[in-house]
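Novice: Sequence first, then the predicted structure:
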Amino acid sequence: MNSELQFAVYSLVLAALGAFSVLILKRHPTQRDTMSKMRMSNPNEVLMLIFGLGVVLAWVIIAATASYYSIVEVREITDSQLTVIGLLGGPALLIITSVLDLFKGKEGAKINILPDQLASDVTASEAVDNHTRMLEEYKLKHDLEMEKMQKQHSLDMEAFQITNGKKSK
């Protein structure tokens, strides 16, 4: 078999296996549980995820196969192989760039929210501390009032017993 044809067949088989593994992972029960938290809002996102992942995987697999044959088996990469790698590489690099920009945007949003979140955490902590102090103060006042009432009760009982004892004699 011709080496270019053999390369193309191996590349297509590897790309098909990559796409098949993506579909299997998508339907795997443990993956579904973790993916349920990241719901896709519309079908375009699902299409971009599957198509983008397929293009990137195909590009990586074909480029890795060509590199393997050129390094291990010391064959030259032909123009048709370079064309296939180039045709897949353009969209794959655009997809990778957009994913990285999306990631950078989300991380930037998290960083922008961080000062407000820290300020609200400090405010909440101060509120909890003030509430705890207020409860301790009320508890201390209550304990002092209870002790005062207990002392007053003891004095009243002693006075009652003394006055009752004098009346009976």
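Specialist: Good, I have the coordinates.
Novice: What ranges does this structure have for its helices?
Specialist: Taking DSSP state H as the criterion, the chain carries its helices at 3-27, 29-35, 43-71, 79-168.
Novice: Looking at these, which one is packed in the most?
Specialist: helix 43-71 (a mean of 16; mean count of other CB atoms under 10 Å). For every residue, glycine as well, the C-beta is placed using N, CA and C.
Novice: on contacts alone, who are the packing partners of it?
Specialist: Applying 3 or more CB pairs under 8 Å, 6 or more residues apart in numbering; DSSP states H and E, one finds that helix 43-71 makes contact with helix 3-27, helix 79-168.
Novice: re the thing from before, could you provide the helices of the chain in CSV, with additional columns for mean pLDDT?
Specialist: Output for the helices of the chain, formatted as CSV (pLDDT from 0 to 100):
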stretch, mean pLDDT
helix 3-27, 63
helix 29-35, 49
helix 43-71, 83
helix 79-168, 89
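Novice: which one of the helices and strands packed on helix 43-71 lies closest to residue 64?
Specialist: In terms of CB to CB, the element of those nearest to residue 64 is helix 3-27, at 8.3 Å.
Novice: Look up how far residue 70 lies from the nearest residue to residue 56 once chain neighbours are set aside.
Specialist: Nearest residue to residue 56, sequence neighbours excluded (CB to CB, 6 or more residues apart in numbering): residue 92, at 4.7 Å. Remark: distance between residue 92 and residue 70 (CB to CB, to the nearest Å) = 20 Å.
Novice: now residue 134
Specialist: 76 Å.
Novice: Repeat that for residue 97.
Specialist: Distance from residue 97 to residue 70, by CB to CB: 26 Å.
Novice: do residue 138 as well
Specialist: Taken as CB to CB, the span from residue 138 to residue 70 is 80 Å.
Novice: again, but for residue 76
Specialist: Residue 76 is 7 Å from residue 70, by CB to CB.
Novice: same thing with residue 49?
Specialist: Taken as CB to CB, the span from residue 49 to residue 70 is 32 Å.
Novice: ok, now residue 60?
Specialist: Taking CB to CB, one finds residue 60 at 16 Å from residue 70.
Novice: what residues are up against residue 74?
Specialist: Residue 74 makes no contacts at all, as judged by CB atoms under 8 Å, 6 or more residues apart in numbering.
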